[in-house]
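Visitor: Have a look at this prediction, sequence included:
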Amino acid sequence: MTHDVHRGGLLDHQALAWVVLAVALLFTFATWQHFDAARAHHDQDRFMRAAEKQRNILTNRIHDYEQVLRGGAALFAAGGVPSRSEWRTYVDELDLERSLPGILATGFALMVPPEAKAAHEQSVRAEGFPDYAIVPPGERAMLSSIVYIEPFSGRNLRAFGYDMYSEPTRREAMDRARDSGQPALSRKVTLVQETRTGVQPGFLIYFPVYRSGQPIDTVAARRAALLGFVYSPFRAYDLLDGVFDTPTQILEIELFDGGASPENLLYATEGATRDARLMTEMKLEVGGNIWVARFRSSERYESLEGIMQPTMVLVGGVALDFLLFSVLYMNARHRRKMRISAAKLAQSLDSYKALVENIPGAVFRCEVGSPAPLRRLSSGIAPLTGEASERFLSGDVSYQELIHPDDRAAVAEAVAEAVAKRSTYNVEYRIKARDGFTRWVSERGQVSSDAAGRAQWLDGVVLDITERKAAEIMIRDLAFNDTLTGLPNRRLLLDRLEQQLAASGRAGRHGALLFIDMDNFKTVNDTLGHAAGDQVLVEVAARLLASVRESDTVARLGGDEFVVVIGNLGNTAEAAKAEAAELGDKILLKLSQPYRLGAHLHNSTPSIGITTFCGHHVSAGQLLRRADQAMYRAKSAGRHQVKFYEEDTAPAVRVA
Ligand SMILES: Nc1nc2c(ncn2[C@@H]2O[C@H](COP(=O)(O)OP(=O)(O)OP(=O)(O)O)[C@@H](O)[C@H]2O)c(=O)[nH]1
């Protein structure tokens, strides 16, 4: 019988673990990609919202500054040109440093036609500024002068009297403000307030102030009515550092005046630009000017926010995939080992069964107890008993009843002793088979105990030993019996003689030993042949047996020599000798009768020597020698007669 260890449940296959790993890795990868895409989308949204927020903050702040300038212009409209102190009061009250930090100054630049320049300078000098002059000096078609600037201190003093209209960039913004009547933000400039160190890009916002009462509904009217400009200069970094949420965590910002090129860079949160993962540019219209804000995702934002979650999904997912794989793989390996073990077990069980079924004889297991039901019995019982094993197992046939009645007790005793000692037993007995034939069997058994030490099982084997028994009997016969006549041989005779001597000693009864030798037997062989001689010897044995009681012994020592041992001859030596002599005569007579050899009648006689005994005073060997001597005396005396051993006294010896 074969067992396929490769078959089994789906979970038994290590390949499944690999398939699951592949699918799980694919799933993890897909999930990671999904998360990554979602995360990127989320990052992009968050980035764009942050960028828009910063843009709005900036435009709102610029708008706030414009409002400040509008307020300043309104001061002129309400009460004409304010005095220096009124301007200072106005600006102080705005508390710009706290409410709108980043503004460098708030001032007023007066437009001065060339012809009014000298008078203008005179009037300002008269206010207590003797060194006042419009700078730069020189002739120009139109001049302007910063006459008010607050706070009027520090680097702002450098701007006092400066003609912004003389500088093209500023003039362009001033003209734009004048013509539009709206705030105008200049292109990038270097403010006159800058010193040599720490120079920052700057810009200015102008708001036109027209002479009150003059029409300003057309460009030409506005040009004609222009009085000057309320304005504010801004240092870009001083302003914008406070405007943007710094650090923004998410964004890096660059601000360009006009197109996004290095020469237009107004402000940057980082020193050097780099390739960011996310980047966007937005145009801002501020004061009639176009700024470009470039927003990039910050390194911090990219490293933490954007990557961690999908990476964790990927790493965690792959770890879980391999965990699942290892569990499935180990499980499959374990199950496979179990299957191999089970197959091996089944194979060894098959081998065991085959072994049991092929053992000559029957293997059995029965419960210990009375009754002792058979639980297993191999088919080898059938040749022994003629009954199939199933008949015994079902209880239809009782094995006990097949045991020879004379042997049942011995078998029961052997088993009971083994059960008591929890040991083995070995017993030989006869069973009567269904065909009526009696077989000798050998039963070997072993008693096993349960965990509590109680005898539980009786396991054993029953072997057919009929042939062995027959051989044993034959060997015994060969050893102790004469093959020609079947009579006990010398060895058995001596054995029985010893027993007889002992018995005679115990009982105090006499016995006698008769040594019989046929006369001139050689001539039978020589004249009639060996086979005829054998025939005579067999006939002699038969006549001897017929002459004595069954309890007496007739033996053949070899050749033509026979011995007869008789017991219970009486209590006295005389009576015994008389009786022995009587038997000797009887045998002499019987053996002297003619022997029929086919058609031929052969005459032969014996010579007989007798010795008697009582008890074990003389050994068996000595007795034999004594009788032998007596027999030789008979031979010497002429054969065909009975002689007693010399020391014995024969009451009556007759010679036939
Ligand atoms: N046929 C036969 N002859 C045997 C057997 N055993 C011995 N003999 C013969 O028996 C004879 C015995 O002779 P002995 O007893 O020595 O002499 P005998 O001829 O009997 O003469 P006496 O004993 O002196 O009277 C021998 O010739 C043996 O060969 C046997 O089993 N069968």
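Guide: Good, I have the coordinates. Everything numeric here is computed off the predicted structure, so don't read it as measured data.
Visitor: Now do the SS call for the residue in the stretch 51-200 of the chain that the ligand sits nearest to.
Guide: At 139.3 Å from the ligand, A51 is the closest residue in the stretch 51-200 of the chain, using C-beta to the nearest ligand atom. For glycine as for every other residue, the C-beta is placed from the backbone atoms N, C-alpha and C. Classification of A51 using DSSP: H, G, I helix; E, B strand; the rest coil returns helix.
Visitor: what's near enough to touch it?
Guide: L251, T280, M282, A293, F295 (C-beta atoms under 8 Å, 6 or more residues apart in numbering).
Visitor: Filter these down to the ones in helices?
Guide: Counting by DSSP state H, the contacts of A51 place none of their members in helices.
Visitor: mind listing the helices for the stretch 351-500 of the chain?
Guide: Ranges of helices within the stretch 351-500 of the chain are 381-385, 389-393, 399-402, 405-421, 466-480, 490-507, based on DSSP state H, counting those that start in this stretch.
Visitor: give me the low-pLDDT residue ranges for the stretch 1-150 of the chain?
Guide: The stretch 1-150 of the chain contains residues with pLDDT under 70 at 1-12.
Visitor: Go again with 50.
Guide: The stretch 1-150 of the chain contains residues with pLDDT under 50 at 1-5.
Visitor: Also the chain?
Guide: 1-5, 650-656.
Visitor: what does it have sitting close to the ligand?
Guide: Selection of the chain residues close to the ligand by C-beta under 6 Å from any ligand atom yields 484, 517-522, 525, 530, 533-534, 537, 559-560, 635, 639.
Visitor: Got a quick PyMOL command for the buried subset of those?
Guide: A single PyMOL command selects the buried members of the residues of the chain next to the ligand (16 or more other C-beta atoms under 10 Å):
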select buried, resi 517+518+519+521+533+537+560+635
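Visitor: Nearest to the ligand: which residue in the stretch 201-350 of the chain?
Guide: D350 (60.1 Å).
Visitor: how far away is that residue from V356?
Guide: For D350, the distance to V356 equals 11 Å [C-beta to C-beta, to the nearest Å].
Visitor: So between these two, which is more surrounded?
Guide: V356 (17 against 13; other C-beta atoms under 10 Å).
Visitor: How about the contacts made by that one?
Guide: V356 touches V363, S378, counting by C-beta under 8 Å, 6+ apart.
Visitor: all strands of the stretch 451-600 of the chain, in order?
Guide: Listed in chain order, the strands of the stretch 451-600 of the chain (DSSP state E, counting those that start in this stretch) span 455-464, 511-518, 553-558, 561-566, 595-597, 600-602.
Visitor: Let me have those strands in JSON lines, extended by distance to R223.
Guide: Converted to JSON lines, the strands of the stretch 451-600 of the chain look like this (distance: least, C-beta to C-beta, whole Å):
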{"stretch": "strand 455-464", "distance to R223": "129"}
{"stretch": "strand 511-518", "distance to R223": "184"}
{"stretch": "strand 553-558", "distance to R223": "177"}
{"stretch": "strand 561-566", "distance to R223": "181"}
{"stretch": "strand 595-597", "distance to R223": "187"}
{"stretch": "strand 600-602", "distance to R223": "191"}
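Visitor: of these, which approaches L328 most closely?
Guide: Ranking the strands of the stretch 451-600 of the chain by proximity to L328 (C-beta to C-beta) places strand 455-464 first, at 42.9 Å.
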